[in-house]
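Undergrad: return a 3D structure for these sequence lines:
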Amino acid sequence: MVASLYDSDPSVPRPSGSGGSAAETPLAAGDFAVDETALRRRLARARADSVGGGAAALARAASGEGLGPDEIARLWYAGEVDTQSILALARELRARSRQPLETFSPLYMTNTCDAECRMCGMRRDNRALRRETADADEVEAQLQVLHQRGMHAVSLLTGEYARSRRGWALRYVNQALRRTQDLRFGHVLINVGSIDEEEFAELLEGIEREDDGSVRPKLTMCTFQETYDRRLYSRFMGTDPDNPRADYQRRLTNFDRSHRAGLRVANPGILLGLNPDVAFELLALADHARHLRRLGMDVYLSVPRLRQIAGGRSKGGICDADFIRVVAVLAVGLPDCKVVLTTRESREIQQVLVPVVAVLSAGSAAVTPYTESGARFPLETSQFEVIDQRPFEEILREHSAPGEPIANFSPPA
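TA: Sure, this is the predicted structure:
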């Protein structure tokens, strides 16, 4: 492994780090936007209607048709509706769907990044993180290892880069993406940050298309907003114009651009622990999910909690009870979306929540960590701490009945 992306491509300029505020990208017609004032008014109404209204929302959710975003907020606030009742309905709806649990493993190709997100181990000014970038042969070897171990879905991850450096990153990811198609991975998630309209052609070069222009393989764009609150977004993600993450609106509309580029699966997410107003994040995430569904996109929902990072203090985001309620409310409120649980969470939390989620992702947050039988989990090269560090085969076996398949996982006999 090379020490850093800068060293691996000396022609690429380093970010300057100059000060200033990032101007927001203008909205294109039909792009998603958050009206925070209107959203907070809706939250106030949902809170006022939660007595009685929460129980009514849970009863309506039993149909399996889901809830509107305001009803989701009402159910979150409803003190008279205990979390166990929501969990029980979520388990029932999950069993009723008869869809197998899905899985995928994350594959970090590099831990370099130009962004400066305060809560992230990969932020550009984190001197406690040891920078690593895998070359093409190492990435291919990792894909081969995952495939041989029966994992047929993977998330390709890099940092987020300034415009002057994104061409390198997009070509790098495209090369790995093409290799996943050669190996016949059934699902590939792309986590490379926000991409400008014209840059998708480079990212998706050589990928098969349908007659209508949509991509043929199942490729998911992953762009977590982390928080939909602009003030908190600026606080945690920064305002430096050289920071590619600082533009709130550009990040928010990445799925709209990805849809115009032919991608038909989206994975929005919030990072629980940034905003103490969980209802605000739930309502905004539900609004965003409904927008993406109206575009005709399949939607995966991620709600990870803050975790320890290299050089940082240990932070766990919201408490277990609130986290369980978040997942349960989303599962009953948005049954046409797929809630993702990862091994950031402990075995004990998995036991509670796997029966209600659609996806369990297992793997390491370090750069190219996989071996023939397990993985490495060094915090000094990882984006964040992974709690459950068992081999993914062991984790997945624990959550499947004999003879019951897990989508995208078929270990060798």
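Undergrad: CA atoms for contacts and neighbours, from now on please.
TA: Fine.
Undergrad: would you map the strands across the protein?
TA: Using DSSP state E, the strands of the chain run over residues 102-108, 153-157, 187-191, 219-222, 265-267, 298-302, 338-342, 359-361.
Undergrad: could you dump those strands into CSV with mean neighbour count and mean pLDDT added?
TA: Listed next are these as CSV, based on neighbours: other CA atoms under 10 Å; pLDDT from 0 to 100:
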stretch, mean neighbour count, mean pLDDT
strand 102-108, 24, 98
strand 153-157, 23, 98
strand 187-191, 22, 98
strand 219-222, 24, 98
strand 265-267, 24, 98
strand 298-302, 23, 98
strand 338-342, 23, 98
strand 359-361, 22, 98
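Undergrad: so can I have a markdown table of those strands showing distance to Leu283?
TA: Shown next, in a markdown table, are these (distance: least, CA to CA, whole Å):
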| stretch | distance to Leu283 |
| --- | --- |
| strand 102-108 | 25 |
| strand 153-157 | 26 |
| strand 187-191 | 24 |
| strand 219-222 | 19 |
| strand 265-267 | 16 |
| strand 298-302 | 13 |
| strand 338-342 | 15 |
| strand 359-361 | 21 |
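Undergrad: what's the closest of these to Ala55?
TA: strand 338-342 (22.3 Å; CA to CA).
Undergrad: other SSEs contacting that closest one?
TA: strand 298-302, helix 320-333, strand 359-361 (3 or more CA pairs under 8 Å, 6 or more residues apart in numbering; DSSP states H and E).
Undergrad: distance to Ser400 added to those, as JSON lines?
TA: Below are the helices and strands packed on strand 338-342 laid out as JSON lines (distance: least, CA to CA, whole Å):
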{"stretch": "strand 298-302", "distance to Ser400": "21"}
{"stretch": "helix 320-333", "distance to Ser400": "19"}
{"stretch": "strand 359-361", "distance to Ser400": "11"}
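Undergrad: mind checking which of the ones you listed is nearest Glu140?
TA: strand 359-361 (20.3 Å).
Undergrad: mind listing the strands that closest one pairs with, and their directions?
TA: strand 102-108 (parallel), strand 338-342 (parallel) (DSSP bridges).
Undergrad: before we move on, back to that, out of the strands of the chain, nearest to Leu274?
TA: Of those, the one closest to Leu274 (CA to CA) turns out to be strand 298-302, at 14.4 Å.
Undergrad: now for that closest one, which elements pack on it?
TA: Using 3+ CA pairs under 8 Å, 6+ apart, strand 298-302 is in contact with strand 265-267, helix 278-294, strand 338-342.
Undergrad: now do it: distance to the chain's middle.
TA: 8 Å (CA atoms, centre = their mean, to the nearest Å).
Undergrad: got the contact list for that strand?
TA: 224, 264-270, 289, 292-293, 336-341 (CA atoms under 8 Å, 6 or more residues apart in numbering).
Undergrad: if we can go back for a sec, the helices and strands packed on strand 338-342: which one's closest to Leu170?
TA: Per CA to CA, nearest to Leu170 of these: strand 298-302, 22.7 Å.
Undergrad: and the nearest residue to Leu107 once chain neighbours are set aside, what is it in contact with?
TA: Nearest residue to Leu107, sequence neighbours excluded (CA to CA, 6 or more residues apart in numbering): Leu156, at 5.2 Å. Residues in contact with Leu156 (CA under 8 Å, 6+ apart) are 106-109, 173, 176-177, 188-192.
Undergrad: ok, which of the helices and strands packed on strand 298-302 comes nearest Leu203?
TA: Going by CA to CA, the one of the helices and strands packed on strand 298-302 nearest Leu203 is strand 265-267, 15.5 Å.
Undergrad: what sits up against that closest one?
TA: 218-224, 255, 292, 297-302.
Undergrad: out of those, which comes closest to Arg118?
TA: Nearest member of the contacts of strand 265-267 to Arg118, counting by CA to CA, is Phe224, at 15.0 Å.
Undergrad: low pLDDT regions in the stretch 51-200 of the chain?
TA: In the predicted model of the stretch 51-200 of the chain, no residue satisfies pLDDT under 70.
Undergrad: if we can go back for a sec, can I get the strands paired with strand 359-361 in TSV with distance to Arg47?
TA: Listed next are the strands paired with strand 359-361 as TSV, based on distance: least, CA to CA, whole Å:
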stretch	distance to Arg47
strand 102-108	34
strand 338-342	24
